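Student: Here is the input, now give the coordinates:
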Amino acid sequence: MAPHTGPAEPPRLTEDEFGVLYRRLLSRAAWASGDRGALVALTPARVAAATREVRTGRTVTLAAPVETLPGPDNPEPAKHRMRGQPGEDAAGGLHFAMDRFAMNVHGDADSHIDALCHVIYDGTLHGGVAASSVTAYGATALTIETARDGIVGRGVLLDIPRLRGVPWLDPGDHVTADDLSSAETAQHVRVTEGDLLFVRVGHRRRRGELGAWHAADARAGLHPSALEFLADRRVAVLGGDGNNDTAPSSTEGVDFPVHVLAIHAMGLHLLDYLQFEDLAPVCEAEGRWSFLCVIAALRLPDATGSPVNPIAIL
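Tutor: Now for the predicted structure:
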C-alpha cells in the first residue's frame, strides 16, 4: 500500500474559533441532548441489525491489560492486593482466594469509558446540567449508570496508520475529518447513524515497541474539526487507543477540546486508551472493518466513568 501523507497540518484553533465550532456541534447534536446523550441512537432495531455483523463468532477484546506497576504515563497505577495468603494455610478444608482493586479510572494507561458527567465546561455538564451535581461523594446526574444495560451496536474501526502507511501516528499528530473519510474509502466501509466508532492512531503499538512515555504531554489524537465527521454520521460512541485528544492541545485555552466537543456538546460517551492490536489484524485478514460490539461498564451509580473491556464479535 502506498503511503498516504494526509492533508496539510490542520490549523490551531483560537478560543473564538473553538467557540464557533462548539456552538455548531451543540446545535447539530440537539437530538442527543437528553440523559443518555447519543446512546439514544442505539434503538432496538439498530441493535438487532448489528447482530447481523456476526459471521464467524470470533470474539476479540479491545481493552489493554490493567497495569499495576508505575510508569511515565501511569504514575498512579491500579492497586491489586490479595486478601490474606490462602496458599500458605490451604492444606485441608475449604478456602477462597480473594482480591481487592483500586484504580484511577481516568488515567493515561488503562482502558476506560467516560460518562457524560466527566466534563465540566463553563459551569455545566452535558445538556446544561449544573456542575454542582458532581460532589465530593459522587455525581448525581449523567453518571456511568446511564449505560447500565450495556452499549451494544455496530462497531467500525478506522485505522489511520494503515491509511498513511506507517506503524503509528507520532505524538502531536492529528487525525482529521479527511483522514476518517479516506480511511472509509480505503477500508471499504462506511460509518452510519448509531455506529460505535473506533479510531486507531497506533498509540498502543508505539508504547509496546518504544516503551511508555509521558502521554499527558505528547500524544496523537483527533483534531477538533474531525468531530464534524462524527456529527454528520450521528455516531453513538467514540473510542480510541489513545486519549482521543491530541497533546499538546490544538486549541488555545482548551486542553481537551475533543472531550469538550464529544461529551459536553454532542453527548458521546468516550472510550480512552483501548487497544486495537488484536482486532486490526483480524479485520485485515477477514477483509471487513465492522463488527458487533458489546461494551459493559461496571455499575457504579455515582461514578464519572468505569474501567471497561469492550468485545468485538465478528
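Student: hey, where'd the helices end up in the chain?
Tutor: Assigned helices in the chain, in chain order: 15-28, 44-50, 160-164, 177-187, 203-210, 227-233, 257-259, 279-286 (criterion: DSSP state H).
Student: just the ones you listed: most buried one?
Tutor: helix 257-259 (a mean of 24; mean count of other CB atoms under 10 Å). (Each C-beta comes from the backbone N, C-alpha and C, glycine too.)
Student: quick one: average pLDDT of it?
Tutor: Across helix 257-259, pLDDT averages out at 98.
Student: go on, stretch 113-121?
Tutor: 98.
Student: CA atoms only for that stretch, dumped as CSV, please.
Tutor: The C-alpha coordinates for stretch 113-121 follow below in CSV (Å, rounded to 0.1, in the frame of the first residue of the first chain):
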residue,chain,number,x,y,z
ILE,A,113,-15.2,4.8,29.4
ASP,A,114,-16.1,8.4,30.3
ALA,A,115,-19.6,9.2,31.5
LEU,A,116,-21.4,12.3,30.4
CYS,A,117,-20.7,13.9,33.8
HIS,A,118,-17.0,13.6,33.3
VAL,A,119,-16.6,17.0,31.5
ILE,A,120,-17.5,20.3,33.2
TYR,A,121,-17.3,23.2,30.8
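Student: what's the neighbour count on the closest residue to residue 39 other than its chain neighbours?
Tutor: The shortest distance from residue 39 to any non-neighbouring residue, by CB to CB, 6 or more residues apart in numbering, is to residue 236 (5.8 Å). The burial count assigned to residue 236 is 27, neighbours taken as other CB atoms under 10 Å.
Student: May I have the phi/psi pair for residue 236?
Tutor: Torsion angles at residue 236 (phi, psi; degrees, to the nearest 10) stand at phi -100, psi -30.
Student: Go ahead and flag the most central residue of the protein.
Tutor: residue 271 (2.0 Å; CA atoms, centre = their mean).
Student: doesn't residue 233 make contact with residue 194?
Tutor: No. Applying CB atoms under 8 Å as the test, residue 194 and residue 233 come out as separate, 9.1 Å apart.
Student: Other residues contacting stretch 129-147?
Tutor: Outside stretch 129-147, the residues within contact range by CB atoms under 8 Å, 6 or more residues apart in numbering are 35-37, 39, 113, 115-117, 120, 123-127, 269, 295, 297-306.
Student: Let's test this: mean pLDDT of that stretch, rounded?
Tutor: pLDDT averaged over stretch 129-147 gives 97.
Student: Mind listing what's buried along it?
Tutor: 129, 133, 134, 139, 141, 142, 143, 144, 145, 146, 147 (16 or more other CB atoms under 10 Å).
Student: okay if I get the residues you listed as TSV plus distance to residue 107?
Tutor: Putting these into TSV (distance: CB to CB, whole Å) gives the following:
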residue	distance to residue 107
129	25
133	24
134	19
139	18
141	24
142	21
143	19
144	16
145	21
146	22
147	20
